[in-house]
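*Asks:* return atomic coordinates for the entry below.
(one chain, ligands or ions: 1)
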Amino acid sequence: MEIGQRLPPHSPDCAGCGPGNPAGLGLEVVRTAAGVEAVHRFSDAQVGAPGIAHGGAVALAFDDLFGFALYTVGSLAVTRSLTIEYHAPFWLHRPYTFSAHVAQREGRRLLLRADAWDDAGQKAGSAAATFVVVSLGHFAAGAEQVMGRDD
Ligand SMILES: CCCCCCCCCCCCCCCC(=O)SCCNC(=O)CCNC(=O)[C@H](O)C(C)(C)COP(=O)(O)OP(=O)(O)OC[C@H]1O[C@@H](n2cnc3c(N)ncnc32)[C@H](O)[C@@H]1OP(=O)(O)O
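*Replies:* Okay, here's the model as predicted:
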């Protein structure tokens, strides 16, 4: 993976980054020297209080970006805990730069950190997460369910 390279979505319909999910954020994520980065503008579909992105949508952006940071360590892992600090409102339609990296690894535990800045360079949020490394089998039951569905 080269610096600046666009990374592939987790799945076509991923709520964070899937291009086929009209209700998703549609994050476009690139590799950086330290980890991964995405510039995102929250839309009217992610509103909470008028003009401000819903905190859950902001958490989705952080969580999904952490999912991309896994590419930098080549491990398959899932979120076990996620903590968000909301330093300032995330205004709709304004660009925010999210960056994330893997800070530490202890056995199956990956400790991840992320920050988000507005276009004036003010920190709007930060996040910390514990991901736990899983095998491909972790996703098998969900994939079977999707393939067997006819609705
Ligand atoms: C068909 C193929 C399709 C493939 C397609 C692939 C797609 C690849 C997509 C990736 C996509 C990412 C997208 C964004 C990220 C999500 O959205 S992930 C989805 C949300 N997260 C989940 O659904 C996870 C649900 N939780 C679980 O399944 C289980 O709890 C887990 C996380 C697998 C862990 O269960 P477990 O394996 O039984 O592990 P457990 O023994 O509880 O803990 C493991 C270790 O972590 C430690 N630990 C547990 N909790 C904590 C904590 N809160 N703090 C610190 N340490 C902790 C434990 O102490 C233990 O440490 P060690 O004893 O090993 O030193």
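*Asks:* and stretch 77-95, C-alpha only, in PDB?
*Replies:* Provided in PDB are the C-alpha atoms of stretch 77-95 (Å, rounded to 0.1, in the frame of the first residue of the first chain):
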ATOM      1  CA  ALA A  77     -10.400  -7.300  13.700                       C
ATOM      2  CA  VAL A  78     -13.700  -5.900  15.000                       C
ATOM      3  CA  THR A  79     -14.700  -3.100  17.400                       C
ATOM      4  CA  ARG A  80     -14.900  -4.200  21.000                       C
ATOM      5  CA  SER A  81     -15.100  -0.700  22.500                       C
ATOM      6  CA  LEU A  82     -15.300   2.800  21.100                       C
ATOM      7  CA  THR A  83     -15.000   6.100  22.900                       C
ATOM      8  CA  ILE A  84     -15.600   9.400  21.200                       C
ATOM      9  CA  GLU A  85     -14.700  12.900  22.500                       C
ATOM     10  CA  TYR A  86     -16.900  15.600  20.800                       C
ATOM     11  CA  HIS A  87     -14.800  18.700  21.100                       C
ATOM     12  CA  ALA A  88     -17.100  20.900  18.900                       C
ATOM     13  CA  PRO A  89     -20.200  20.500  16.800                       C
ATOM     14  CA  PHE A  90     -19.600  18.800  13.400                       C
ATOM     15  CA  TRP A  91     -21.400  21.200  11.100                       C
ATOM     16  CA  LEU A  92     -23.300  19.800   8.100                       C
ATOM     17  CA  HIS A  93     -21.700  20.300   4.700                       C
ATOM     18  CA  ARG A  94     -18.300  21.500   6.100                       C
ATOM     19  CA  PRO A  95     -15.300  19.300   5.300                       C
END
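*Asks:* can you confirm Tyr13 is in a strand?
*Replies:* Tyr isn't right for residue 13; it's Asp. No: according to DSSP: H, G, I helix; E, B strand; the rest coil, the state of Asp13 is coil, so it is not within a strand.
*Asks:* wait, isn't it in contact with Gly26?
*Replies:* No: distance between Asp13 and Gly26: 11.2 Å, which falls outside the contact criterion (C-beta atoms under 8 Å). (Each C-beta comes from the backbone N, C-alpha and C, glycine too.)
*Asks:* and those two? which has more neighbours close in?
*Replies:* Gly26 (18 against 15; other C-beta atoms under 10 Å).
*Asks:* so what's the more buried one up against?
*Replies:* 17-19 (C-beta atoms under 8 Å, 6 or more residues apart in numbering).
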